Each structure stands twice: as C-alpha cells, then as structure tokens.
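K.L.:
take a look and give me a structure for this.
(chains A and B)
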Number of protein chains: 2
Amino acid sequence: MLEVEVKYRAHLAAVKSRLPSLGFSPSGAQSEEDVYFQHPCRNFAETDEALRVRVVGGRVEVTYKGPRLGLGGKTRAEITAEADLGVLEVLERLGFKPVARIRKRREYYTGRGLTVSLDWVEGLGEFVEIEKVVEGEGEVAAAVAEIRRLAAELGVGEEVGETYLELFLKAYKGGG
Amino acid sequence: MLEVEVKYRAHLAAVKSRLPSLGFSPSGAQSEEDVYFQHPCRNFAETDEALRVRVVGGRVEVTYKGPRLGLGGKTRAEITAEADLGVLEVLERLGFKPVARIRKRREYYTGRGLTVSLDWVEGLGEFVEIEKVVEGEGEVAAAVAEIRRLAAELGVGEEVGETYLELFLKAYKGGG
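P.N.:
Residues are numbered from 1 along each chain as shown, chains lettered A, B, ... in the order given. Here you go, the predicted structure:
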C-alpha cells in the first residue's frame, strides 16, 4: 500500500465552505504534535528519510518514512508502530536527536475515495493535504491526476513539494 | 530507581523446592522472546549498552540498557517503552540489525523484598536471577550482600557476570 499525497497552501475557511457541495463530509479532527529526529550516523536530509514520533492525545506513534519514490506527489513507504511516551527517551539514549517539534490542528474530510486534511500548522500557516491510498505503483499517476482535479475544484493551486519538517527547517534553522 | 541483579548457574528443580520454606511464593510465569539489536554506528559491545525488544504474548517492550555502573551486580539504567510489533521493522529500517534472538521460560517468586526468577534459556541452560530494586546508588552494596545471602541459602554459588546476550554471542558466534 502506498500513500499518494499532495499538499497545497490554502485559505482554509474558503476550502471548508466548498467541501460539502463537492461530496465531502467531516470525518474527525485532532491536534498532533510531531517530534522529528536526526539519525545518529545517517543524514536524513540526504537520504530523504524521516523518523517521526507523533503524539495525539495519550497515543504515540513512531513512524519511519522511506525516501520519496519520485512517482508523483509525496509517495513513500511508511512503517508505523504504536508505542508509549517512553519511546522518546529510548530514541534519545540511542543517539537520535530531536530536530523539530511541529504542532498542528487537523480537520479531516472524506469523500470520493479521497481524504482531505485541513491543517493549521503552528508557525507555518494553513495547508490542505489531499490523499489517496493505492495498492501499487501503477496506480500512482492516476491518483495524482485525481487529486489535482479536486484541488482545482477547491480553488487551491499552489502545490508544496516540501514536507512540514522541511518547511520548518527552512523557516527556523536556515536549512533546506 | 536502579535494578540490582545477580545471576547464577543453577539446577532449577533443587532451587524451586527450597524457595517456599525461605519465604518465597510464585508470582507468575511467562515465555519471553528477546531480540537484541546492534546499533548502526555505535559498538554496543564496547559501550556496554544494549537495545532489546521483548515479546511476551502479544505485548512488546523496547528497552534501552545503559552501561553497567560498576557498583556490583549488573546494576544499570533501563528505559522501557511499550510498543507493538511494528517497532521491529522501524528499527531495521533505521539500520539496527538483530544480532541475537533469545527464548526463555521464566518463573517468578517473590518474598523478603526480592524477586527470584527461575530461567530456562533455550540453548544456554538453567539460571537463577535474584533482583532487588533500590532508590539510589548508596543502597546497591547492601542489596548485593542481601542477594548473596539468599543465593547461599538457595544453594547456588556460581555467579555469572555476563548477560544472556553475552552468553549467547560467546556460545554461538565466537564473540565476547
């Protein structure tokens, strides 16, 4: 399974008002805090990998993100494990260093086989992420086209290729 | 909190028959599978650290073990996080390599503020571990003395300084 996702800069109030008439309905909302780690001996910026610990309420998820596959959108393999907060200290003892802490509020809408996430990201602004889960690489191009059609209908056009982590590092650390 | 622990080679049937008269009663039994990992860029054999994923039933624990503190017994800091099985693949993607898989059956006895664990370890034999949890380093020496007194009462004398991981590597990989 692959997650095909395209992100856009957007004015969320405008997007939100259009979603219902396009066949989407609210499917949840949550606040997330993501802690991204640097590997002790591998440069994740070069390998295009990431290690993220996401805290949502009392729940913790550890996610390894593989390099983007160059298939369109931010398609990449993701491996996730549920954990508890102790995992943050285990990672630090192993030499992983927290490099960014990103807080966001998300509202999810689903419809037409797609998920739309309205994201208010602390310090970075407002974004829409549109996602489709596909079975294999052969379906990625069609999924990207479908996502772009919906983005046009929603009136969002400025695609953002960077992850929130990259945007954060660019904004706050002069990195890229 | 520190875990003070001394391990002995033992004939478990004999030990088991003595425990009740010394004030100990059974407090549980479980089968454990421990997967130990090598760090991608740190030699755990040199730093005297360890990373262990323990699988007990459907439960998974990730434990970082710091270097032995040289205070007596195998006293060391341990940081543990609950997780699910996905954590094994996350670790492998991050470059951690499984170096040993150790299966054991443990029966626990408690009494007199101590925990005795009777361990049948696949491929390594039978061992008794006696443990006391203390608040600080100042209490370690007294705890070790108390553990040794109990070991004498139980008729076990051959202390084993190595961890099961070290015994495993010595037996099966010619390592040390």
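K.L.:
mind jotting down where the strands sit in chain A?
P.N.:
Read by DSSP state E, chain A holds these strands, from start to end of the chain: A:2-9, A:25-38, A:50-56, A:59-65, A:78-83, A:97-111, A:114-121, A:125-134, A:159-160.
K.L.:
got the ones you listed as CSV, with mean pLDDT, distance to A:K173 and mean neighbour count columns?
P.N.:
Any C-beta I mention is one placed from the backbone N, CA and C, and that applies to glycine too. Supplementary listing: the strands of chain A in CSV, determined by pLDDT from 0 to 100; distance: least, Cβ to Cβ, whole Å; neighbours: other Cβ atoms under 10 Å in any protein chain shown:
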stretch, mean pLDDT, distance to A:K173, mean neighbour count
strand A:2-9, 91, 20, 20
strand A:25-38, 96, 11, 16
strand A:50-56, 95, 15, 19
strand A:59-65, 94, 19, 20
strand A:78-83, 94, 24, 18
strand A:97-111, 96, 8, 16
strand A:114-121, 97, 16, 20
strand A:125-134, 96, 17, 20
strand A:159-160, 94, 18, 16
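K.L.:
can you put these in CSV and add distance to chain B?
P.N.:
As requested, the strands of chain A are arranged in CSV below (distance: least, Cβ to the nearest Cβ, whole Å):
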stretch, distance to chain B
strand A:2-9, 16
strand A:25-38, 9
strand A:50-56, 7
strand A:59-65, 4
strand A:78-83, 3
strand A:97-111, 13
strand A:114-121, 21
strand A:125-134, 17
strand A:159-160, 26
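K.L.:
which stretch among these comes nearest B:H11?
P.N.:
Shortest separation from B:H11 across the strands of chain A is recorded for strand A:78-83, at 39.4 Å, computed as Cβ to Cβ.
K.L.:
can you list contacts of the closest one?
P.N.:
Outside strand A:78-83, the residues that touch it by Cβ atoms under 8 Å, 6 or more residues apart in numbering or on different chains are A:3, A:53, A:59-66, B:62, B:81-87, B:89-90, B:93.
K.L.:
swap in stretch A:27-39?
P.N.:
By Cβ under 8 Å, 6+ apart, the list of residues contacting stretch A:27-39 from outside reads A:44, A:49-57, A:88, A:91, A:96-110, A:115, A:164-165, B:40, B:94-95.
K.L.:
so can I have CSV of the strands of chain A showing distance to B:L22?
P.N.:
What follows is the strands of chain A, written out as CSV (distance: least, Cβ to Cβ, whole Å):
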stretch, distance to B:L22
strand A:2-9, 58
strand A:25-38, 48
strand A:50-56, 45
strand A:59-65, 42
strand A:78-83, 39
strand A:97-111, 48
strand A:114-121, 61
strand A:125-134, 59
strand A:159-160, 68
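K.L.:
chain center to stretch A:44-51, what's the gap?
P.N.:
15 Å (Cα atoms, centre = their mean, to the nearest Å).
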